[in-house]
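Student: Below are the sequence and a predicted model for it; my questions follow.
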Amino acid sequence: MNTVQVLVSTYNGEEYICNQLNSILEQKDVSVKILVRDDGSTDSTPQILREYANTYENITYIRGKNCGVVASFFRLFELADPEADYYALADQDDVWDLDKLSIACSKLDQLDSKDEPSLYCCEAVLTDSEMNPIGTIDNDSKSKITPDFKNALIENIARGGSCVFNPTLMRSVQIAMPNGVYMHDWWLYLVASCFGTVIHDPEAHYKYRQHEGNVLGASTSFFNKFRRRLRQSKDNKGHIEKQILAFNRIYTVPDDKITSVNVILKHKTSTKYRLKGFFGKYVFRQNKLDNFIFKLLFLTNHL
């Protein structure tokens, strides 16, 4: 039976954290350890976590100062148990299917190489605050999801609550949080797709609660998704380039992938790389409309 250490970062999650922790504790056919770091909550979340840690010997609770969700997870990476067979990320307000971890472990166990970074991710059922299903997060995407470093450069398909990964990938991200990293789960996707294997499970194995307090939310309609995408582009202008600069600074990108990196880093000053971004197959997004929009952004130098 595989041992999975689940890493949880909380912040003012008193309303939903019990549901999430209970769904993790009830996972079937795996041995679960939970390491939870509270990121300076001002509500009753710390008290709830202390009670759980006092009740369950497989829960370790750390009270931290507020540093933000990304830095909080990088701190959890540093503190991860080196003896675990696999690691998983958990958001504070999701609810997992009881076989979520066993399915992930089974797929990761089937990989031939255990020495390269490997990452599993799956889809989620989108729900309202009362856990009533309202669709899927990517219900406008009719294309099969294809994990690839060329995709990871400009898009993240590995949402934190879906991620399960091996010790090799964990060791690869046990670093001080890089200046420029945008999201911790996206960073995992970048590393695994560049140096190892990413498994995308098209089936949904957990419920993603949509509510006003989400750190990162999801949109259900095409109009809302498009509006949200434009707002993110304006608010986070340059985050893709900054993240790849950090990645390229820390890791040695293989020769067969370096052109894709250069498309991101050199397109602003090079017509050649703008054209590669538009016409070539060096970067892509999973959704056809998204992919076309990003190609236009490359061509017009607005990425």
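Tutor: In hand now; what should we look at?

Student: Assign the residue nearest to residue 247 when sequence neighbours are not counted to helix, strand or coil.
Tutor: Once flanking residues are discounted, residue 247 sits nearest to residue 190: 5.7 Å by C-beta to C-beta, 6 or more residues apart in numbering. Every C-beta, even on glycine, is put in place using the N, C-alpha and C of the backbone. Per DSSP: H, G, I helix; E, B strand; the rest coil, the secondary structure class of residue 190 is helix.

Student: close enough to count as contact, residue 190 and residue 149?
Tutor: Yes: using C-beta atoms under 8 Å, residue 190 is in contact with residue 149, at 7.3 Å.

Student: Any idea how many residues pack against the residue nearest to residue 247?
Tutor: Neighbourhood size, residue 190 [other C-beta atoms under 10 Å]: 25.

Student: residues touching the residue nearest in space to the middle of the chain, list them.
Tutor: Centroid-nearest residue in the chain: residue 185, 2.6 Å away (criterion: C-alpha atoms, centre = their mean). The contact partners of residue 185, taken as C-beta atoms under 8 Å, 6 or more residues apart in numbering, are 89, 156, 158, 159, 160, 163.

Student: give the contact list for the fourth one.
Tutor: Spelled out, it's residue 159. With C-beta under 8 Å, 6+ apart, residue 159 has these contacts: 121, 124, 137, 185, 208.

Student: The residue located most distally from the centre of the chain and residue 52, how far apart?
Tutor: When distances to the mean C-alpha position of the chain are computed (C-alpha atoms, centre = their mean), the maximum falls on residue 271, with 32.2 Å. Distance of residue 271 to residue 52, given as C-beta to C-beta, to the nearest Å: 57 Å.

Student: picking up where we left off before, tell me which two in the contacts of residue 185 are the farthest apart.
Tutor: 89 and 156 (12.5 Å; C-beta to C-beta).

Student: pull the helix or strand with minimum mean pLDDT from the chain.
Tutor: When the helices and strands of the chain are compared on mean pLDDT, DSSP states H and E, helix 222-235 comes out lowest with a mean of 57.

Student: Go through stretch 107-120 and flag the buried ones.
Tutor: For stretch 107-120, the neighbour count (16 or more other C-beta atoms under 10 Å) marks 107, 108, 117, 118, 119, 120 as buried.

Student: Mind listing residues that contact that stretch?
Tutor: Here stretch 107-120 has contacts from 2, 86, 104, 158, 162-166, 168-169, 172, 188-189, 191-193, 195-199, 201, using C-beta under 8 Å, 6+ apart.
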